[in-house]
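> Whatever this is, show me its structure:
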Amino acid sequence: DIWLEQPVPEGEVLARLQQAAPPGIAFEAVQPVAAPEPPLQRQVQRADFVARLETPLTPELPKRLDALLRATSVPRQRRGKAYDLRPLIIDLRLEPPAELVLTLSAREGATGRPEEVLEALGLDPLAADITRVQLTLDPSPAAAPAA
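Model (predicted):
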């Protein structure tokens, strides 16, 4: 979210953002949002990640992934609080030769973290290159209740 003191054409905002972006950050589009809309952080519903593993997929990894997806609960601890990781995993699949594609809940108060999913699969999150590739927003943020 950014707030502008004066209206600026979308194309100009995009051009300025692209020019000021550090290497590796690319802006694809900008969109004006009406002032009464909730903050962007409250509109995010899910996040898609790709975890590139250092080694090719092993034969037991698909079995562990299937067991994780079939589990009714995956108890975890975060900052000393118990929570269930399983409902935060929306989708999870393997892509040869060495990628794990994750779609996780990213709602306020219910956010899945890719490194915790890797740990639940018995993988070292430090041995993976994890990239967030997309955020999905609530399609009707004005109708969403404030959390």
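> other SSEs contacting the lowest-mean-pLDDT helix or strand in the chain?
Least confident helix or strand, the chain: helix 40-43 with a mean of 80, by mean pLDDT, DSSP states H and E. On a contact count with 3 or more Cβ pairs under 8 Å, 6 or more residues apart in numbering; DSSP states H and E, helix 40-43 meets no helix or strand. To be clear about C-beta, it is placed using only N, CA and C from the backbone, and glycine gets the same treatment.
> Can you show me the CA trace of the next helix or strand after it as PDB?
Once helix 40-43 ends, the next helix or strand along the chain (criterion: DSSP states H and E) is strand 44-53. The C-alpha trace of strand 44-53 is given here as PDB (Å, rounded to 0.1, in the frame of the first residue of the first chain):
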ATOM      1  CA  VAL A  44      -4.300 -11.200   1.600                       C
ATOM      2  CA  GLN A  45      -5.800 -14.700   1.800                       C
ATOM      3  CA  ARG A  46      -3.100 -17.000   0.600                       C
ATOM      4  CA  ALA A  47       0.500 -17.100  -0.500                       C
ATOM      5  CA  ASP A  48       2.200 -19.300  -3.100                       C
ATOM      6  CA  PHE A  49       5.800 -20.400  -2.700                       C
ATOM      7  CA  VAL A  50       8.300 -22.500  -4.600                       C
ATOM      8  CA  ALA A  51      11.000 -24.200  -2.500                       C
ATOM      9  CA  ARG A  52      13.900 -25.400  -4.700                       C
ATOM     10  CA  LEU A  53      15.600 -28.200  -2.900                       C
END
